[in-house]
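Undergrad: What follows is a protein structure lacking sequence information:
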């Protein structure tokens with residue numbers, strides 16, 4: 001549940017008897033005191049978080065060599081309160097903040113800009129990962145509180161408002177462990193906790209199901225795309241032989257790694273070339289390809305800074321986005337984004353998107369900005385559809401280098417084969433894909449709306465604004 005800092009009156013009065021050892025103005029904003037008053041008058045007993053849990057301080061013992069899986073704040077899906085990703089990083093490149101070890105069933109809470117709601121329950125697949133010191137790790141429970149109930153409350157508006165109230169700092173506000181443990185938690189009976197959890201989990205499960213349908217809808221464009229282009233791919237999942245020969249003439253591009261020359265990759269190239277339309281290397285239709293810029297100092301406001309995680313198939317995800325205190329006037333013209341630019345991530349999970357309009361973004365150094373040659377009669381969205389299809393993703397997997405995350409060079413990108421049908425066919429493909437994206441977006445919005453209704457019901461119940469009844473949201477009885 002994404003939150004922003006709240007507006008507040010220009011002036012208000014705090015009585016001496018209401019002072020709680022804090023003298024910063026933000027702490028006493030009326031919206032915070034009114035919210036806490038509602039919780040106190042609500043139907044459930046309030047308990048300090050510190051009376052209910054113990055924070056874990058288990059540190060990661062950094063090995064001499066190898067890799068580890070790292071979870072940072074941007075890896076948290078703030079809508080579903082889940083870890084979305086863990087990066088595999090070589091130990092020699094471990095960030096200094098990679099210190100905390102997390103276990104299955106831990107609740108991790110971002111203490112940096114905590115009002116954003118980067119909070120998650122650690123599932124089995126992330127057991128043993130390392131997380132940033134920007135998280136507090138809740139492991140041991142002193143009372144019989146349901147972990148998921150605790151998670152849902154911390155992730156709710158009353159929980160995030162308390163984070164916002166208790167944080168300190170200017171450009172990069174944070175909440176200290178001591179202040180975190182002062183958060184007030186409504187404590188209903190175990191059966192009510194379980195019922196609330198079941199209700200919200202039901203909406204979360206429906207959201208996941210709807211999102212899978214949306215993903216399947218987008219993935220299904222592959223078959224229609226290949227049919228339109230007359231490209232026939234081998235359907236069997238046979239493995240490449242253990243031994244195979246490569247003629248010396250094939251090595252003219254200086255790729256000597258075994259993976260690059262596997263027969264399955266050669267078959268893909270031949271299938272593209274045997275299609276209904278001629279193909280060209282991507283470089284032949286590119287006017288300019290440049291890397292973005294590398295920044296580490298983020299701010300609350302400023303220019304939006306797109307990182308790898310913000311580039312999704314066909315679009316840009318601004319759910320979790322950083323800002324940098326840099327103006328577009330301060331950067332080279334080459335990295336200022338324009339309409340129909342193509343953004344391609346060059347490392348890890350490859351994502352490709354195009355811009356419908358010029359945008360005031362600065363992209364990270366791990367993203368390519370690609371501008372197509374304007375006189376080639378190429379539909380930029382068609383190209384993005386090709387790069388996001390099996391054709392593109394298969395070629396990316398071949399041309400990347402590196403065993404841990406893999407990365408693409410500009411020259412490798414230029415060697416990607418792109419079928420080039422007439423402009424009318426490109427426009428047709430682009431239109432069909434956009435229609436699928438729109439339908440998939442509607443499915444996601446429907447699921448998101450239902451989850452927000454359940455979360456809203458939960459918040460009204462704990463504040464006493466709506467009577468609890470069987471754990472069922474009014475609109476879903």
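TA: Yes, it's here. Quick caveat, the model's predicted, so the values are computed rather than measured.

Undergrad: I figured residue 199 hits residue 456, correct?
TA: No: the pair residue 199 / residue 456 is not scored as a contact, 11.8 Å apart, by C-beta atoms under 8 Å. For every residue, glycine as well, the C-beta is placed using N, CA and C.

Undergrad: what are the phi and psi values for residue 297?
TA: Per-residue torsions, residue 297: phi -100, psi 110 (degrees, to the nearest 10).

Undergrad: tell me, how many neighbours does it end up with?
TA: By other C-beta atoms under 10 Å, the residues close to residue 297 number 10.

Undergrad: what does residue 177 give?
TA: For residue 177, using other C-beta under 10 Å, the count is 12.

Undergrad: Kindly report the same for residue 321.
TA: Around residue 321 there are 16 residues (other C-beta under 10 Å).

Undergrad: If we ignore the residues flanking it in sequence, what's nearest it?
TA: Of all residues not flanking residue 321 in the chain, residue 304 sits nearest, at 5.6 Å (C-beta to C-beta, 6 or more residues apart in numbering).

Undergrad: what secondary structure does that neighbour sit in?
TA: Put simply, residue 304 is strand when judged by DSSP: H, G, I helix; E, B strand; the rest coil.

Undergrad: I'd like the distance from the residue nearest to residue 373 when sequence neighbours are not counted to residue 105, if you could.
TA: Nearest non-adjacent residue to residue 373, counting by C-beta to C-beta, 6+ apart: residue 287, 4.4 Å away. Residue 287 is 52 Å from residue 105, where distance means C-beta to C-beta, to the nearest Å.

Undergrad: More neighbours: the two, which one.
TA: residue 105 (15 against 11).

Undergrad: mind listing what that one touches?
TA: Taking C-beta atoms under 8 Å, 6 or more residues apart in numbering, we find residue 105 in contact with 121, 122, 139, 147.

Undergrad: quick one: low-confidence ranges for the stretch 301-450 of the chain?
TA: The stretch 301-450 of the chain contains residues with pLDDT under 70 at 348-349, 402-406.

Undergrad: where does the stretch 101-250 of the chain dip in pLDDT?
TA: 170-171, 235-250.

Undergrad: quick one on the thing from earlier: looking at residue 199 and residue 456, which has the bigger crowd around it?
TA: More neighbours surround residue 199 than the other of residue 199 and residue 456, with 21 against 17 (other C-beta under 10 Å).

Undergrad: how about that one, secondary structure?
TA: Per three-state DSSP, residue 199 ends up helix.

Undergrad: Now do the strands in the stretch 51-200 of the chain.
TA: Using DSSP state E, counting those that start in this stretch, the strands of the stretch 51-200 of the chain run over 53-56, 67-71, 76-77, 82-83, 87-90, 98-101, 107-110, 119-121, 130-132, 135-141, 184-187.

Undergrad: quick one, longest helix in the chain?
TA: As assigned by DSSP state H, the longest helix anywhere in the chain is helix 423-462.

Undergrad: hmm, back to that, residues touching the residue nearest to residue 321, list them.
TA: Contacts of residue 304 (C-beta under 8 Å, 6+ apart): 318, 321, 322, 323, 359, 360, 361, 362.

Undergrad: Now intersect the residues you listed with the strands, please.
TA: 322, 323, 361, 362 (DSSP state E).

Undergrad: which among these gets closest to residue 333?
TA: residue 362 (12.3 Å; C-beta to C-beta).

Undergrad: Tell me how far the closest one lies from residue 444.
TA: 27 Å.

Undergrad: Among the two, which residue is more densely surrounded?
TA: Per other C-beta under 10 Å, whichever of residue 362 and residue 444 has more neighbours is residue 362, with 25 against 16.

Undergrad: if I read this right, the more buried one contacts residue 327, doesn't it?
TA: No: taking contacts as C-beta under 8 Å, residue 362 lies outside contact range of residue 327: 9.6 Å.

Undergrad: quick check: domain ranges of the chain?
TA: As given by automatic domain parsing, the domain ranges for the chain are 16-187, 189-219+431-477, 220-430.

Undergrad: Helices of the stretch 1-150 of the chain, start to end?
TA: 30-41, 147-154 (DSSP state H, counting those that start in this stretch).

Undergrad: what's the offset of the last one from the middle of its chain?
TA: Looking back up the chat, that one is helix 147-154. Averaging C-alpha positions (C-alpha atoms, centre = their mean, to the nearest Å) puts helix 147-154 21 Å from its chain's average.

Undergrad: contact partners of that helix?
TA: 52-53, 81, 105, 107, 109, 119-121, 138, 141, 159-160, 183, 185-186, 193-194, 196-197, 200-201, 455, 458, 462.

Undergrad: what angle separates that helix from strand 135-141?
TA: 140 degrees (axes from the mean of the first three to the mean of the last three C-alpha atoms, to 10 degrees).

Undergrad: Next, the buried residues of helix 147-154.
TA: 147, 148, 149, 150, 151, 152, 153, 154 (16 or more other C-beta atoms under 10 Å).

Undergrad: okay, now residue 26: neighbour count?
TA: Using other C-beta under 10 Å: residue 26 sits among 15 other residues.

Undergrad: Quick one: residues contacting it.
TA: residue 165.

Undergrad: what does the model give it for pLDDT?
TA: pLDDT recorded at residue 26 is 74.

Undergrad: how close does it get to residue 224?
TA: For residue 26, the distance to residue 224 (C-beta to C-beta) stands at 54 Å.

Undergrad: excluding its backbone neighbours, what's nearest residue 277?
TA: residue 421 (4.2 Å).

Undergrad: now residue 201
TA: Residue 201 sits nearest to residue 148 (C-beta to C-beta, 6+ apart), 7.1 Å away.

Undergrad: circling back to that earlier point, would JSON lines of the helices of the stretch 1-150 of the chain with distance to residue 206 be doable?
TA: Formatted as JSON lines, the helices of the stretch 1-150 of the chain follow (distance: least, C-beta to C-beta, whole Å):
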{"stretch": "helix 30-41", "distance to residue 206": "28"}
{"stretch": "helix 147-154", "distance to residue 206": "16"}
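
Undergrad: Kindly state which of those is positioned closest to residue 71.
TA: Among the helices of the stretch 1-150 of the chain, helix 147-154 sits nearest to residue 71 (C-beta to C-beta), with 15.8 Å.

Undergrad: what angle do the closest one and helix 423-462 make?
TA: Helix 147-154 and helix 423-462 are oriented at 100 degrees to each other (the same axes, to 10 degrees).

Undergrad: List the residues that contact the nearest residue to residue 429 once chain neighbours are set aside.
TA: Of all residues not flanking residue 429 in the chain, residue 382 sits nearest, at 5.3 Å (C-beta to C-beta, 6+ apart). For residue 382, the contacting residues are 426, 427, 429, 430, by C-beta under 8 Å, 6+ apart.
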